[in-house]
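Chemist: would you be able to build a 3D model of this:
(4 chains)
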Protein chains: 4
Amino acid sequence: MSKGVCAVVGVGPGIGASLARRFAQDDYAVAMVSRSLSYSRKLEKELGPAARAYACDVMDPDEVQRTFAEIEKEMGAVDVLCYNAGSGVRGAFDEIDLAAFETSWKVNALGLVTSARAVLPGMRARGAGSIIVTSATAAYRGKVQTSAFAAAKAAQRSLAQSMARQLWPEGIHVALMNVDGIVDMPRARQAMSDKPDEFFINPEAIAATAASLHGQDRSGWSFEVEVRPFQEDW
Amino acid sequence: MSKGVCAVVGVGPGIGASLARRFAQDDYAVAMVSRSLSYSRKLEKELGPAARAYACDVMDPDEVQRTFAEIEKEMGAVDVLCYNAGSGVRGAFDEIDLAAFETSWKVNALGLVTSARAVLPGMRARGAGSIIVTSATAAYRGKVQTSAFAAAKAAQRSLAQSMARQLWPEGIHVALMNVDGIVDMPRARQAMSDKPDEFFINPEAIAATAASLHGQDRSGWSFEVEVRPFQEDW
Amino acid sequence: MSKGVCAVVGVGPGIGASLARRFAQDDYAVAMVSRSLSYSRKLEKELGPAARAYACDVMDPDEVQRTFAEIEKEMGAVDVLCYNAGSGVRGAFDEIDLAAFETSWKVNALGLVTSARAVLPGMRARGAGSIIVTSATAAYRGKVQTSAFAAAKAAQRSLAQSMARQLWPEGIHVALMNVDGIVDMPRARQAMSDKPDEFFINPEAIAATAASLHGQDRSGWSFEVEVRPFQEDW
Amino acid sequence: MSKGVCAVVGVGPGIGASLARRFAQDDYAVAMVSRSLSYSRKLEKELGPAARAYACDVMDPDEVQRTFAEIEKEMGAVDVLCYNAGSGVRGAFDEIDLAAFETSWKVNALGLVTSARAVLPGMRARGAGSIIVTSATAAYRGKVQTSAFAAAKAAQRSLAQSMARQLWPEGIHVALMNVDGIVDMPRARQAMSDKPDEFFINPEAIAATAASLHGQDRSGWSFEVEVRPFQEDW
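Modeler: Sure, this is the predicted structure:
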């Protein structure tokens, strides 16, 4: 018996997969939304009939609207939205491609607005729900090489604050996870093969924090939570 | 069978009592440290033989050292330290009593240093442990009437950061709970009798956050976590 | 004899006009860049031959490039860029028009990138220059009604940080003025006719801060400076 | 003809000396307050009859009161208070001497309260005055080795905020200079003899910022201003 529906936006072999697995284990039906189905189709098989993959480009507001309408029709109203889409173009402000700069903003900020709007009527009808955003340390400061990514994450964090201030009093928990470290994924392991296991964040720890945020009593909610490996230098 | 020892510093009918109850329910032996025994003796009876009350003025470094030595001797090494002592003298900087100003600093900052030092050898020996500090929004900004309290809480937060940066790599989890709201206690209810239930933070929600922090996988620790009622204006 | 060229982007009867007047008084040739020429043509007459008005939509990267090429050709390389363009659409995240949301981002963030890129070769050639951005308290937190504006200002501030970290070591001073209050302008006075003079920020005080930032010795630069009326509640 | 009286608390061959020189050049009578007179006596000779040295231990509230009473009697009411006293004991929280920990707090926090209280009646009588505090990056975060210094600076910054929120509306400008870098002094030069000139902050640049803060129009005051060398990595 399902506890409800969790939609994860941005599903690849890292945080997205761990979020999907965790909410599936916690007896949620999981809608996996990602640009390409190549990875989420595999997860679908792993997670069984309670998980479904949806293809959607979050940069396109109409596509977002259509996808969530489909999710609601096929799976039911969304109880938990994990917004994990993120784009990581690197480069100094005088070098970055302006189209990639705009893409960063669209994926991190515009897509959050349109996805949250899509699930809002259902959450409002029940006076409950969680919207959990995957943020990063870049949201707090712009460095030379993060000019595009940090600006997009700063905009996203500001939006999440606006959303929290509006939706908390309606019983909808908007929260932000500041992932501060390198997530353990095959690609990261290859690039940093000299690092010990403890250097990386286990994406399951991030998913555990998301589940914990969703489970909080509304008498004491958190908005902003770091997820940082104990060995991290910060 | 006890899971270990939790010491709560600062025990009264609010956050401190809820922390003691929660860790007792989670099968920890609980040492309750407070200036006066008048309230903690009652809690002792409620919580049974696994809980013990200790009288200690945290402003006195020698007394802190003696008290924790006694706890360790009678109950065993401390696994979880909840530092919940706090002093709330109000007043503008040109009005506050200088002795009360110093007391605020001693209770919030000096007492944290001496308490954490007292439990450190045991935690270090096991390469594990949690030190969870009760903070407040005042730690982030000084207002006219919080000149003493906010300065003490700012110092405490800075200290907790220094401690976290030092102790996390040793496997000891230092974390800060930013309690942003009015805790549901008899005194607060009387003073704000016109407020609905939902206005107040249930101290059990704060204790749940402390338990959740203690239970985090060290691959993804949090340092700073807000606990704020969903109806709060922030 | 001109001290150099100051370009003000975003010129209307408030901060923009005061910036133009101040740098003109300080013997700079002033290029006034704004979407419409209706106001800047008047300022041109007031300020005399040292000031020139340029029409430019900062949302269009090509137009920005063309405009600054024209400025450089007609007036010389830009020594001081005051980026004062800002868009203030208000509304909760579930109500705002998505086009207006994107416009906010383009005017505040994209336009800063393209304008700064346009003046960069000249500043680099001299190893000197100032880029001064008009920010606002909204950059630091998203409120319900500032969902679009705050997100855009947060992105802009992050960008300015990335630019500062890159350009300061090259001798180019990037700085941010956090305007915290209501600027004294005819429209604001009408809307808040009950407020005393002291409630408003005199835009000349903002321009004085910009001039002061430009004049700082590079041995001790500031990045972020508030401009707030003494009676403001903060 | 003197423009007024400036009191500098904490006078040694770095920021304190530059503040004294700068306000003397700007035609202020300068009271130099420091624990020992050994350095300030030399400055007295350099600066001539408009500058006077006073010995005072800012940790002692009575001594602070007496010293400022003497200054007022001999020189007149203080128009500008530069609070530059600072103590820099280094060490992790489990190693620092508890007396040194308390000294850090007293010099940075308690001494600011008592010094500001001493000049307050005179400033209030005129509805004007400036209180400028020398802060540091440590005020914003505690690192392992700055456990005592950072906690003291965090408390000091919080206090300055409380003071600003109270005193700005009365016309008294409280501000904080965040000195982010190594000040150019003989001792620092010796310890870091491999660094180029540009690595250091010229203390005259800090004094220029203090003078600029004092000169701001109250329609647009700043509270917090960084002073950071252009080559600093931040």
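Chemist: quick check: A:P196 vs chain B, distance?
Modeler: 12 Å (CB to the nearest CB, to the nearest Å). Placement of C-beta: from N, CA and C, glycine included.
Chemist: got it, and A:P13?
Modeler: 17 Å.
Chemist: just confirm that residue is within a helix.
Modeler: No: read with DSSP: H, G, I helix; E, B strand; the rest coil, A:P13 is coil and lies in no helix.
Chemist: that one: neighbouring residues, count only.
Modeler: Neighbour count of A:P13, defined by other CB atoms under 10 Å in any protein chain shown: 15.
Chemist: which phi and psi values does it adopt?
Modeler: When quoted as degrees, to the nearest 10, the phi and psi of A:P13 stand at phi -80, psi 60.
Chemist: ok, it - contacts?
Modeler: A:Y39, A:M185, A:P186 (CB atoms under 8 Å, 6 or more residues apart in numbering or on different chains).
Chemist: list the contacts of the residue nearest to A:S219 when sequence neighbours are not counted.
Modeler: When the adjacent residues along the chain are set aside, A:S219 lies closest to B:N202, with 4.0 Å between them (CB to CB, 6 or more residues apart in numbering or on different chains). Contacts for B:N202 were tallied using CB under 8 Å, 6+ apart; they are A:D217, A:S219, A:G220, B:D184.
Chemist: in those, which has the lowest confidence score?
Modeler: Checking pLDDT across the contacts of B:N202, the minimum falls on B:D184 at 93.
Chemist: now it. Nearest residue, chain neighbours left out?
Modeler: Closest to B:D184 by CB to CB, 6+ apart is B:F200, at 3.7 Å.
Chemist: and that neighbour, how far from B:A85?
Modeler: Between B:F200 and B:A85 the computed distance is 21 Å (CB to CB, to the nearest Å).
Chemist: which one of these two has more residues nearby?
Modeler: Higher neighbour count among B:F200 and B:A85: B:A85, with 27 against 19, using other CB under 10 Å.
Chemist: how about that one, secondary structure?
Modeler: coil.
Chemist: the residue nearest to it when sequence neighbours are not counted: neighbour count?
Modeler: Nearest-residue entry for B:A85: B:G10, 3.6 Å, with adjacent residues in sequence omitted and distances by CB to CB, 6+ apart. Look at B:G10: counted by other CB under 10 Å, it has 24 neighbours.
Chemist: list the residues that contact B:G10.
Modeler: Contacts of B:G10 by CB under 8 Å, 6+ apart are B:G16, B:V33, B:S34, B:V58, B:Y83, B:N84, B:A85, B:G86, B:T134.
Chemist: thought the fifth one was touching B:V133?
Modeler: By that I understand B:Y83. Yes: with contact defined as CB atoms under 8 Å, B:Y83 reaches B:V133; the gap is 4.7 Å.
Chemist: overlap of the contact sets of those two?
Modeler: B:L112.
Chemist: which single helix of chain A contains the most residues?
Modeler: Assignment by DSSP state H gives helix A:147-167 as the longest helix of chain A.
Chemist: A:M32 should be in a helix, yeah?
Modeler: No: A:M32: not assigned to a helix; according to three-state DSSP it is strand.
Chemist: contacting residues for it?
Modeler: A:V8, A:V11, A:G16, A:A20, A:S40, A:L43, A:E44, A:A51, A:R52, A:A53, A:Y54.
Chemist: tell me who's in contact with the most centrally placed residue in chain A.
Modeler: With distances taken as CA atoms, centre = their mean, the residue of chain A nearest its centroid is A:N84 (1.8 Å). Residues near A:N84 by CB under 8 Å, 6+ apart: A:V8, A:V9, A:G10, A:V11, A:I15, A:G16, A:L19, A:T134.
Chemist: get me the contact residues on chain A for chain B.
Modeler: Chain A comes close to chain B at residues A:165, A:168-169, A:171, A:173, A:198, A:200-202, A:204-206, A:208-209, A:212, A:216-232, A:234, as judged by CB under 8 Å from any CB of the partner chain.
Chemist: please pick the buried ones from these.
Modeler: A:165, A:168, A:173, A:200-202, A:204-206, A:208-209, A:212, A:216-232 (16 or more other CB atoms under 10 Å in any protein chain shown).
Chemist: now go through these and say which are in strands.
Modeler: Mapping those onto strands (DSSP state E) picks out A:H173, A:E224, A:V225, A:E226, A:V227.
Chemist: verify the contact between the last one and B:S222 for me.
Modeler: Yes: under the criterion of CB under 8 Å, A:V227 is in contact with B:S222, at a separation of 6.6 Å.
Chemist: what is in contact with those two at once?
Modeler: With CB under 8 Å, 6+ apart as the test, A:V227 and B:S222 both reach A:T209.
Chemist: and A:Q190, that's in a helix?
Modeler: Yes: counting by three-state DSSP, A:Q190 is found in a helix.
Chemist: what comes up buried for the lowest-mean-pLDDT helix or strand in chain A?
Modeler: When each helix and strand of chain A is scored by mean pLDDT, DSSP states H and E, helix A:186-191 comes last, with a mean of 91. Within helix A:186-191, the residues that count as buried by 16+ other CB under 10 Å are A:A188.
Chemist: got it, and stretch A:44-52?
Modeler: For stretch A:44-52, by 16+ other CB under 10 Å, it's A:E44, A:L47, A:A50, A:A51, A:R52.
Chemist: contacts only, for the fourth one.
Modeler: Neighbour list for A:A51: A:A20, A:A24, A:A29, A:V30, A:A31, A:M32, A:L43, A:E44 [criterion: CB under 8 Å, 6+ apart].
Chemist: is there any residue in the longest helix of chain A that contacts chain C?
Modeler: Yes: on the criterion CB under 8 Å from any CB, helix A:147-167 is in touch with chain C at A:147, A:150-163, A:165-166.
Chemist: quick check: angle from the helix or strand containing A:W105 to helix C:98-105?
Modeler: Assigned by DSSP states H and E, A:W105 belongs to helix A:98-105. Relative orientation of helix A:98-105 versus helix C:98-105 (axes from the mean of the first three to the mean of the last three CA atoms, to 10 degrees): 110 degrees.
Chemist: what residues does helix A:98-105 touch?
Modeler: So helix A:98-105 is contacted by A:59, A:87-89, A:91, A:147-149, A:151-152, A:155, C:61, C:105, C:109-110, C:113-114, C:155 (CB under 8 Å, 6+ apart).
Chemist: helix or strand right after that helix?
Modeler: Assigned by DSSP H and E, the successor of helix A:98-105 is helix A:111-126.
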